[in-house]
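J.: The following block contains a protein sequence and its predicted model.
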Amino acid sequence: MAEHLTKETFIEKIFDYENEKEWKYKGERPAIIDFYADWCGPCKMVAPIIEELSVEYKGLVDVYKVNTEDQQELSSVFGIRSIPSLLFIPVDAQPQMAAGALPKDGFVKAFEDVFGIKK
């Protein structure tokens, strides 16, 4: 299951944006963060795909979700203007943001291209 992040768990597991100027990912595996809201139709379409990926890529990719309604500070830190927005975080490179609902094969391709993970 995808893990829901709060500001505190984000700072602990992903990036301490309050104290760090340069991006420095804290995780050991690549990660994806789904910025969503419960009322968002496209977010509801992506949600089951995110859950499938969290199972299929367990141990390879960490899968997180951020509710933009509850975590408005996190949303503003990343300049989230539309949802769903998906943040792909490689271990040793800059994160990449993708806006809009992706089909499952879009995620699989991104995992290959961005993370170098092929199943």
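T.: That came through fine. Keep in mind that this is a model prediction, so the values were computed, not measured.
J.: Can I take it that residue 29 is in a helix?
T.: No - under DSSP: H, G, I helix; E, B strand; the rest coil, residue 29 sits outside any helix and is assigned coil.
J.: Isn't it up against residue 61?
T.: Yes - with contact defined as Cβ atoms under 8 Å, residue 29 and residue 61 form a contacting pair (6.1 Å). Any C-beta I mention is one placed from the backbone N, CA and C, and that applies to glycine too.
J.: For those two, indicate the residue with more neighbours.
T.: Each of residue 29 and residue 61 has its neighbours counted (other Cβ atoms under 10 Å); residue 61 has more, 20 against 16.
J.: Please report the distance of that one from residue 93.
T.: Distance from residue 61 to residue 93, counting by Cβ to Cβ, to the nearest Å: 14 Å.
J.: Okay, helices next: where are they in this protein?
T.: Using DSSP state H, the helices of the chain run over 7-13, 41-56, 72-77, 104-115.
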